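Trainee: Let's see this in three dimensions:
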Amino acid sequence: MDANATLDAQGLNCPLPILKAKKELKALETGNVLEILATDPGSIADFEAFCRTTGNELLSSNEENGIYTFYIKKN
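Mentor: Residues are numbered from 1 along each chain as shown. This is a model prediction of the structure:
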């Protein structure tokens, strides 16, 4: 999936990945996609809740070798 920006939040624990993603999304234009790389297993539920409450769209999330990748579209 193509992203307009990437946030490397590997090694960070809650709430830092969410806080950094919020800052990155603020800098993007509506409709742009942010790719987020994280290693905190709690980030799955965190980003689902974040998108639900902010109105941004979680396009996809997956895990491979302990790295969680999220694609969020700014609405």
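Trainee: So, low pLDDT: which residues of this protein?
Mentor: By pLDDT under 70, the chain contains no weakly predicted segment.
Trainee: Grab the most central residue of it for me.
Mentor: Nearest residue to the geometric centre of the chain (Cα atoms, centre = their mean): I36, 4.3 Å.
Trainee: Direction included, what does the helix or strand hosting it pair against?
Mentor: Using DSSP states H and E, I36 sits within strand 33-38. Paired neighbours of strand 33-38 in the sheet (DSSP bridges): strand 5-9 (parallel), strand 67-73 (antiparallel).
Trainee: Now tabulate the ones you listed in TSV and tack on distance to D40.
Mentor: Every residue, glycine included, has its C-beta placed from N, CA and C. As requested, these are exported to TSV (distance: least, Cβ to Cβ, whole Å):
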stretch	distance to D40
strand 5-9	8
strand 67-73	8
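Trainee: out of those, nearest to A49?
Mentor: Among the strands paired with strand 33-38, the nearest to A49 by Cβ to Cβ is strand 67-73 (12.4 Å).
Trainee: just to revisit the earlier point, chain center to the strand holding I36: distance?
Mentor: Mean-position distance between strand 33-38 and its chain equals 4 Å (Cα atoms, centre = their mean, to the nearest Å).
Trainee: again with stretch 41-51
Mentor: 8 Å.
Trainee: List the buried residues in it.
Mentor: Across stretch 41-51, burial judged by 16 or more other Cβ atoms under 10 Å covers 43, 46-47, 50-51.
Trainee: circling back to that earlier point, please look at the residue nearest to the centre of the chain and A9 and confirm they touch.
Mentor: Yes. The criterion here is Cβ atoms under 8 Å, and I36 meets it with A9 at 5.9 Å.
Trainee: Single out the most deeply packed of the strands paired with strand 33-38.
Mentor: Mean neighbours per residue, mean count of other Cβ atoms under 10 Å, is largest over the strands paired with strand 33-38 for strand 67-73, with a mean of 19.
Trainee: And the contacts of it?
Mentor: 1, 3, 10, 21, 25, 31-41, 43-44, 47, 51, 56-63 (Cβ atoms under 8 Å, 6 or more residues apart in numbering).
Trainee: residue contacts, I36?
Mentor: Here I36 is in contact with 6-7, 9, 17, 21, 43, 47, 69-72 (Cβ under 8 Å, 6+ apart).
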